[in-house]
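> Predicted model and sequence below, questions to follow.
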Amino acid sequence: MSSTDAVVIGSGPNGMVAANLLADAGWDVLMVEAQGEPGGAVKSSDDVRQGWIHDTFSSFYPLAAASPVIRGLHLEQHGLEWVHAPAVVGNPLPSGEWAVLHHEREETAASFDRLCPGDGDAWLAQCRLWDRVGEQLIGAITSPFPPVRSGLGLAARMPFNGGLAFVRQLLLPAREFGIEAFRGEAPRILLAGNASHADIGMQTPGSGFMGWLLVMLGQHVGFPVPRGGAGELTNALVRRFTSRGGQVRTATPVVEVIVSGGRASAVRTADGEVIEARRAVLADVSAPALYGGLVPWEHLPAKLRRRMAGFEWDPGTIKLDWALDGPIPWDPAPPVQPGTVHLLDSVDALSVAEAQIATGRVPDRGIMLLGQMATTDPTRAPAGAESVWAYTHVPHGALRGEVSDPAVEAMADHLEARIEEHAPGFRDRILTRRILGPDELESRNANLVGGSLNGGTAKPQQELIFRPVPGLGRAETPVRGLYLASAAAHPGGAVHGACGSNAARAALAHDRIRLRRS
């Protein structure tokens, strides 16, 4: 039996952040990953077509660029380079215009004002609000719950932001937020499109905050990507970790967290090896995979089992990757090419699609999120060519089957037709297409159960102290020395590293208490 201070199960960005922080504290840390390479949902390769780099899962990282957790690791010293598209995000409008979020707020405001006079000033007013609270807000989001220091900082700034009126604005559903803040369609559709990155409905309180957060991040830090592919973010994390003595073992699935005397003492791998964890086990796995999976129910409270029965996944996903022999032939073309494109007919159309998902139907006109990767980072494709991905949400449990399944193929064809509506001739530029349905996404990353990207719904009933179930809300688990370090823990999905950071901080704090008592 081998032995180490801490075992980190899973090498996604949260697991990587946790491992790095424990190694920084001088711990002997072993990271074990079931797949053949590290990275979780942050990977890239040329497996679609040689010479074209595609991100297998996530691509754009505004929260990583803004997160004090990621920034504090100084990954630029380990080879990470952020790059940006000419514009941040865009959405073609039925009028033939484009709603575009530019890098400079004045340029964004001017573009909104041209479409609807008055919206430029309204946009700049929102930017000024962000200037006053953005740093504290990001600090609160990425801190363990409750966020005492950042929360006090936010409270101190409230009188200068309209007080309760500002709080009310953040609690509005995205639809009402857009209607109250702006007169025209362009800023409203960008707000709604960004809100849809989570699964909070357009008419659900909190969705307005999600949309506002992402458009403000886009305005202030952009939607950057790692030069050379998403995997370069993982590579930088690995290099930093191993430079501090950390070890990574791939192709090593963990099948059990061994509990002795109410404490996580070791892990057992699929080949029967037992690895002792002298101080802690941190699990970057989904909540259902941990509770009743890696940790048998006999070691967990009965109330946790009852509450986990109500755990809710976020919607599933179907994702397509294309290698193109030229840029997407948008008609009309956007004034400046955005890296991220939303194909959303209207805010009302998004509400309809959400209702269809809620009732178990695959939307016929749901939002499509699309990435123009060579536009953003020219290293992603040969000169003059383009590397593109797109995805859309489907009900959890829908479109499950092999990529040759007729329903999955039909959905892929439908998504291509949606692009063709705005870019006639798109299909003529396709050299290679890859389809990743919900089952294929899960097979490549076990945390993406049924194609769910966020580790569980982001709806209010499963956030903060309710994540992953009521009464937790922190990285600590009912088993001493075991910490949940995945997006299933607060604050949830996206690449910000906060779930891993919170788990590492909790492990370090509890270890100090244990040592003082011994």
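Everything's here; your move.

> pLDDT at Gln372, what is it?
Reported pLDDT at Gln372 in the predicted model: 98.

> Could you do Leu170 as well?
Reading off the per-residue confidence, Leu170 sits at a pLDDT of 82.

> Report the secondary structure state of it.
Counting by DSSP: H, G, I helix; E, B strand; the rest coil, the backbone at Leu170 sits in helix.

> name the helices or strands packed onto the helix or strand Lys303 falls within?
When elements are assigned from DSSP states H and E, Lys303 belongs to helix 302-308. Using 3 or more C-beta pairs under 8 Å, 6 or more residues apart in numbering; DSSP states H and E as the contact definition, helix 302-308 packs against no other helix or strand. C-beta: built from backbone N, CA, C; applies to glycine.

> Can you give me the buried ones in that helix?
By neighbour count with 16 or more other C-beta atoms under 10 Å, helix 302-308 contains the buried residues 304, 307-308.

> again with stretch 347-364
For stretch 347-364, a neighbour-count test (16+ other C-beta under 10 Å) marks 347, 349-351, 353-354, 356-357, 362-363 as buried.

> try stretch 365-380
The neighbour-count check on stretch 365-380 (16+ other C-beta under 10 Å) flags 365-377, 380 as buried.

> again, but for stretch 265-274
Taking 16+ other C-beta under 10 Å as the neighbour-count basis, stretch 265-274 is seen to contain the buried residues 265-267, 269.

> name the element the closest residue to Gly79 other than its chain neighbours belongs to?
What sits nearest to Gly79 in space, not counting adjacent residues and going by C-beta to C-beta, 6 or more residues apart in numbering, is Ala236, at 5.2 Å. Assigned by DSSP H and E, Ala236 belongs to helix 231-243.

> What strands line up against the following helix or strand past that helix, and which way round?
From helix 231-243 onward toward the C-terminus, using DSSP H and E, the following helix or strand is strand 247-249. Sheet partners assigned to strand 247-249 using DSSP bridges are listed as strand 29-32 (parallel).

> Can you give the distance of the partner strand from its chain's centre?
For strand 29-32, the separation from the chain centroid amounts to 23 Å (computed by C-alpha atoms, centre = their mean, to the nearest Å).

> Next step: the buried residues of stretch 347-364 restricted to strands.
Under the assignment DSSP state E, the buried residues of stretch 347-364 contribute nothing to strands.

> Spatially, which two of these are the most separated?
Between all members of the buried residues of stretch 347-364, the longest pairwise span (C-beta to C-beta) is found for Val347 and Val362 and amounts to 20.3 Å.

> between the buried residues of stretch 365-380, which is nearest Leu73?
When the buried residues of stretch 365-380 are compared for distance to Leu73, the smallest value, 21.1 Å, is given by Asp377; criterion: C-beta to C-beta.

> excluding its backbone neighbours, what's nearest that closest one?
Beyond its immediate neighbours in the sequence, the residue positioned closest to Asp377 (C-beta to C-beta, 6+ apart) is Val83, lying 4.9 Å away.

> returning to what we had before: which one of the buried residues of helix 302-308 sits closest to Leu137?
Looking at these and their distance to Leu137, the nearest is Arg307, at 29.0 Å (C-beta to C-beta).

> who touches the helix holding Lys303?
With contact meaning C-beta atoms under 8 Å, 6 or more residues apart in numbering, helix 302-308 is reached by 287-288, 291-292, 297, 468-471, 478.

> let's see it at 10 Å
Under the contact criterion C-beta atoms under 10 Å, 6 or more residues apart in numbering, helix 302-308 has outside partners 287-288, 290-292, 295, 297, 300-301, 466, 468-472, 477-478.

> Which of those residues are buried, as a ChimeraX select command?
Command for ChimeraX that selects the buried part of the contacts of helix 302-308, burial taken from 16+ other C-beta under 10 Å:
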select :287,290,291,292,295,300,466,468,469,472,477
